[in-house]
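**Q** sequence first, predicted coordinates after that:
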Amino acid sequence: LLTASNYLQYFGSHVDISSDGNTIAISSSQTNDDDYVQVYEFSANNWIQKVSNINKNSYDILSIALADNADAIAIGEIDGAYLLKFSEDWNQINQIVSSGANDDFGYSITIDENGDLFAVGAPSITTTNANGYVTVYGINENYIQLCGDEIYGISYYDQLGNSVDTSHDGNIVSIGASGR
């Protein structure tokens with residue numbers, strides 16, 4: 001059982017697990033904007049933290065996605081997303097910031113099995129009349145590139161991007177729209 005040291009840490013706000021079940025990522029969305037993600041590996045019948053916390057001090061963490069191989073993690077925050085890869089410690093590959101204010105970019109996030117592709121949802125409150133959109137990115141070494149055009153909702157208040165998921169190989173991205 002993994003628990004926080006303080007009830008105000010909201011430990012477990014978001015969780016994800018590797019495909020083999022031996023690695024988990026857990027976010028803590030604290031009341032003082034000192035949000036963080038901890039990644040644990042199961043070893044010798046214990047959950048052991050995989051190096052240091054991934055600290056995100058600027059905004060609330062809205063979503064996390066752990067690659068199936070547990071060597072990459074995507075983190076969605078208010079109007080931003082981060083991709084980190086593991087090599088002795090968590091290294092930030094890039095930060096992507098929303099092009100529009102208050103569109104909830106980062107509300108949902110997904111990553112493929114190897115951390116080579118990720119998608120970010122923005123259910124959008126004001127910038128597209130809440131149609132929402134999803135952006136898909138590919139990773140080439142330490143460079144993130146846009147894969148195709150942004151995908152927009154087609155009807156007023158679709159809230160497309162409320163949820164996103166990708167197939168293991170990243171060839172298919174599914175997108176949820178919670179609007180009407």
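**A** Yep, that arrived.
**Q** in this structure, where is pLDDT below threshold?
**A** 1-10, 12, 30-33, 57-59, 100-101, 125-130, 180 (pLDDT under 70).
**Q** I'd like the next helix or strand past the helix or strand harbouring Q92.
**A** Per DSSP states H and E, Q92 falls inside strand 90-97. Per DSSP H and E, the first helix or strand lying C-terminal to strand 90-97 is strand 108-111.
**Q** quick one: Y107 and G161 touch, right?
**A** Yes: if you go by Cβ atoms under 8 Å, Y107 and G161 touch, sitting 6.7 Å apart. C-beta here means a position set from N, CA and C on the backbone, and glycine is covered the same way.
**Q** quick check: neighbours shared by these two?
**A** Shared contacts of Y107 and G161 (Cβ atoms under 8 Å, 6 or more residues apart in numbering): G121, A122, P123.
**Q** present the residues you listed as a markdown table; the columns should include distance to F86, secondary structure and neighbour count.
**A** Listed next are these as a markdown table, based on distance: Cβ to Cβ, whole Å; DSSP: H, G, I helix; E, B strand; the rest coil; neighbours: other Cβ atoms under 10 Å:
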| residue | distance to F86 | secondary structure | neighbour count |
| --- | --- | --- | --- |
| G121 | 24 | strand | 31 |
| A122 | 27 | strand | 32 |
| P123 | 29 | coil | 27 |
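**Q** picking up where we left off before, neighbour count for Y107 and G161, which is higher?
**A** G161 (32 against 25; other Cβ atoms under 10 Å).
**Q** quick one: distance of the strand holding Q92 to the chain centre.
**A** Taking Cα atoms, centre = their mean, to the nearest Å, one finds strand 90-97 lying 11 Å from the centre of the chain it belongs to.
**Q** before we move on, what about stretch 27-41?
**A** 13 Å.
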